[in-house]
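1. sequence? don't have it. structure:
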């Protein structure tokens, strides 16, 4: 008989080395007497383009991407929407666009009002501060010595001034800090990059600096297949690595940080979720939690593009000789167009009077969305375009995800249900009109020649709606499939403990009951920071700041 070995044992087993998982691994192993195993299905984040600030299209590489695609979307003519998610150390923070945004303070106060005690803005602000080293330095709103590096976008050559002047003429507020006293209006953007123009992913910021700790073990290429549950308590996990099935025991807790799709998938594979759905797939239900996989919330995104009168877009910098020089400047000095995002300005605004907070986000960019390097005199250079990316911040539509089969390697079935709710449709139509207003206002009006997308012929609300249903995409900001709360459809309580199962928490974006009104990477890192303290039975003091008084 083959020799039998007892399974390895750790205090905590963390499933998923994404934005939250890396934070948990760092913070929990600050105690040298605490042992942690971090399991990641993807590989190491060693590729060159992972570090390059303008290399965010690295999610296109199959080895870094889970490759998820939605089911035919019922409100988008049956289109299937790609959902790139990072399968690599750092998760999606290793392959995302690096734009730093927390959302509006009201987003978190709404969570508290929904029964998520301890998650209001005053509760989470200290964790945002603890996570970051902000280019502004330490102040009421920002941290000065945290792991995550936050830098200002260098807007030289990015048409920042004409965009801002057009916004002022239209009467929109101007803010210098979307995460400070005035979290609304047009202003410059921040990115999760270092001062030398390198990506500051969760892996780079939190994980790599502590991998030498003897109480931390990191395993890549490890696909977790099931949570081991005994007497309604999580006691370990099973995973596959290199074709071998392994088992590991968790002496204290199992912490799921696989993200909005993988965490609920693992719960369902382990018998925790909608009982009828599990039975259909031959999985024995251990605990009926109908909210697992439900409440999927995502920011719908659209593009508006204009051709410029003169060759003034960032396409000039993509000429291959200039691009090569920029690469050298980035490598040696951390400067130039490759050291920052190509974002002219960032706006979070209200689409109509009477709203309590912004419901639309815009990223105005000085280049076309599909820009490519070009060679002078060889082939045909692309036309110079400028782009507005609009994003619906407060969606009413909700989607879902379910298992495709009982095989852990099968991707889940996902339906985002974008544009299902009429309120979302109306807000998106207003968003297209707002973007057009910016380009029709001086000085932008003198810089652009014609509207390319959606096109001047598309004018009525019905025509704009049809355009949106044919082209709308995601902002890659999915949350909510293991929603935190106290109701019958919540999955975790405000301490992130899974209802009905001891020793098991979910600690990632899937616990957010509603999607924050901004990019979700910074809030997910905040969740990781707060989750680590919840696990350790402590909490940072609340910080009640009045927005107007603090100004």
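-> Received it, and whenever you're ready, just let me know what you need. Not measured: the values here are computed from a predicted model. Numbering: from 1, shown residues only.

2. can you give me the strands for the stretch 301-450 of the chain?
-> For the stretch 301-450 of the chain, applying DSSP state E, counting those that start in this stretch gives strands covering 345-349, 360-365, 385-392, 400-402, 413-415, 448-453.

3. can you tell me which of the ones you listed comes nearest to residue 499?
-> Of all the strands of the stretch 301-450 of the chain, strand 400-402 sits nearest to residue 499, with 18.5 Å by Cβ to Cβ. Quick note: C-beta positions are derived from backbone N, CA and C, even for glycine.

4. ok, the closest one: who's next to it in the sheet?
-> strand 413-415 (antiparallel) (DSSP bridges).

5. can you list contacts of the strand it pairs with?
-> Residues outside strand 413-415 that contact it (Cβ atoms under 8 Å, 6 or more residues apart in numbering): 68-71, 73-74, 83, 261, 296, 399-404.

6. List the buried residues in that strand.
-> By 16 or more other Cβ atoms under 10 Å, the buried positions in strand 413-415 come out as 414-415.

7. Tell me, how many residues neighbour residue 134?
-> 25 (other Cβ atoms under 10 Å).

8. Check residue 396 too.
-> 13.

9. And residue 380, by the same measure?
-> 6.

10. picking that back up, from the contacts of strand 413-415, pick the one nearest residue 91.
-> Nearest to residue 91 out of these is residue 261 (Cβ to Cβ; 11.4 Å).

11. tell me the contacts of the closest one?
-> Going by Cβ under 8 Å, 6+ apart, residue 261 touches 66, 68, 83, 85, 401, 412, 414, 478, 481.

12. Could you say which of those is surrounded by the most neighbours?
-> Within these, most neighbours by other Cβ under 10 Å means residue 481, with 32 neighbours.

13. so that residue sits right up against residue 298, yeah?
-> No: contact status for residue 481 versus residue 298: not in contact, 10.6 Å apart, counting by Cβ atoms under 8 Å.

14. Any buried residues in the helix or strand where residue 468 lies, and which?
-> Residue 468 is part of helix 461-471, with elements assigned from DSSP states H and E. Buried residues in helix 461-471, counted by 16+ other Cβ under 10 Å: 464-465, 467-469.

15. what comes up buried for stretch 33-42?
-> Under the neighbour-count criterion of 16+ other Cβ under 10 Å, stretch 33-42 has 34-42 buried.

16. Take the residues you listed and keep only those in strands.
-> Cross-referencing the buried residues of stretch 33-42 against strands under DSSP state E gives 36-39.

17. Show me what the mean pLDDT comes to for stretch 471-491.
-> The pLDDT scores in stretch 471-491 average 95.

18. so what does the longest helix that the chain contains touch, helix or strand wise?
-> Using DSSP state H, we find that the single longest helix of the chain is helix 422-439. Packing partners of helix 422-439 (3 or more Cβ pairs under 8 Å, 6 or more residues apart in numbering; DSSP states H and E): helix 160-169, strand 300-308, strand 360-365, strand 385-392, strand 448-453, helix 461-471.

19. quick one, which of the ones you listed is nearest to residue 49?
-> strand 360-365 (19.4 Å).

20. which regions of this protein sit below the pLDDT cut-off?
-> Residue ranges of the chain with pLDDT under 70: 1-5, 53-61, 546-551.

21. buried ones in the longest strand along it?
-> If you go by DSSP E, the chain has its longest strand at strand 244-256. Buried positions in strand 244-256, judged by neighbour count with 16+ other Cβ under 10 Å: 246, 248-250, 253-256.

22. can you check stretch 283-295 too?
-> Buried residues in stretch 283-295, counting neighbours by 16+ other Cβ under 10 Å, are found at 283, 285-287, 289, 291-295.

23. and the residue lying closest to residue 348 once chain neighbours are set aside, how far is that from residue 194?
-> Excluding its sequence neighbours, the residue lying closest to residue 348 (Cβ to Cβ, 6 or more residues apart in numbering) is residue 358, at 4.1 Å. From residue 358 over to residue 194 the distance is 29 Å, taken as Cβ to Cβ, to the nearest Å.

24. before we move on, what about residue 525?
-> Distance from residue 525 to residue 194, by Cβ to Cβ: 16 Å.

25. do the same with residue 249
-> Relative to residue 194, residue 249 is positioned 38 Å away (Cβ to Cβ).

26. Pull the residues that contact the strand or helix carrying residue 129.
-> Under the criterion of DSSP H and E, residue 129 resides in helix 121-131. The contact list for helix 121-131 (Cβ under 8 Å, 6+ apart) reads 23, 102, 105-109, 112, 138, 141-143, 146-148, 179, 522, 525-526, 529-530, 533, 539-545.

27. Among the residues you listed, which lie within helices?
-> Checking the contacts of helix 121-131 against DSSP H, those in helices are 23, 105-109, 112, 522, 525-526, 529-530, 533.

28. For the residues you listed, which PyMOL command selects only the ones that are buried?
-> Selecting the buried subset of the ones in helices among the contacts of helix 121-131 in PyMOL, with 16+ other Cβ under 10 Å as the burial test, is done by:
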select buried, resi 23+105+106+107+108+109+112+522+525+526+529+530
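
29. what's the closest of the ones in helices among the contacts of helix 121-131 to residue 395?
-> Closest to residue 395, out of all of those and judged by Cβ to Cβ, is residue 107, at 12.4 Å.

30. residues near the residue nearest to residue 201 when sequence neighbours are not counted, how many?
-> Counting by Cβ to Cβ, 6+ apart, residue 201 lies nearest to residue 90, which is 3.9 Å off, once chain neighbours are set aside. Residues near residue 90, counting by other Cβ under 10 Å, number 30.

31. Make TSV from the buried residues of helix 461-471 and add distance to residue 126 to it.
-> Converted to TSV, the buried residues of helix 461-471 look like this (distance: Cβ to Cβ, whole Å):
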residue	distance to residue 126
464	42
465	43
467	43
468	39
469	42
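
32. Among these, pick out the one closest to residue 379, please.
-> Nearest to residue 379 among the buried residues of helix 461-471, with distances taken as Cβ to Cβ, is residue 467, at 30.1 Å.

33. so that closest one sits right up against residue 460, yeah?
-> No: in this structure residue 467 lies outside contact range of residue 460 using Cβ under 8 Å: 10.5 Å.

34. Can you tell me how far the closest residue to residue 472 other than its chain neighbours is from residue 208?
-> Nearest residue to residue 472, sequence neighbours excluded (Cβ to Cβ, 6+ apart): residue 300, at 5.2 Å. According to Cβ to Cβ, residue 300 stands 35 Å off from residue 208.

35. Compare neighbour counts for these two and give me the winner.
-> For residue 300 and residue 208, the more surrounded residue by other Cβ under 10 Å is residue 300, and the numbers stand at 26 against 18.

36. residues contacting residue 83?
-> Taking Cβ under 8 Å, 6+ apart as the criterion, residue 83 is in contact with 66, 68-70, 261, 414, 416, 474, 476, 478.

37. Repeat the analysis, applying 7 Å as the threshold.
-> By Cβ atoms under 7 Å, 6 or more residues apart in numbering, the residues touching residue 83 are 68-70, 414, 474.

38. Can you get me a residue count around the closest residue to residue 446 other than its chain neighbours?
-> Among residues not flanking residue 446 along the chain, residue 309 sits closest, at 7.5 Å (Cβ to Cβ, 6+ apart). The tally of other residues near residue 309 (other Cβ under 10 Å) stands at 12.

39. What residues does residue 309 make contact with?
-> Counting by Cβ under 7 Å, 6+ apart, residue 309 has contacts 447-449.

40. Let's see if you can find the most crowded of the residues you listed.
-> If you rank the contacts of residue 309 by neighbour count (other Cβ under 10 Å), residue 448 sits at the top with 21 neighbours.

41. isn't that one right up against residue 304?
-> No: counting by Cβ atoms under 7 Å, residue 448 stays clear of residue 304, with 10.8 Å between them.

42. shared neighbours of the two, anything?
-> By Cβ under 7 Å, 6+ apart, no residue touches both residue 448 and residue 304.

43. Flag every buried residue along the helix or strand hosting residue 505.
-> Element membership of residue 505 [criterion: DSSP H and E] is strand 504-506. Applying a neighbour-count criterion of 16+ other Cβ under 10 Å, one finds 504-506 buried in strand 504-506.
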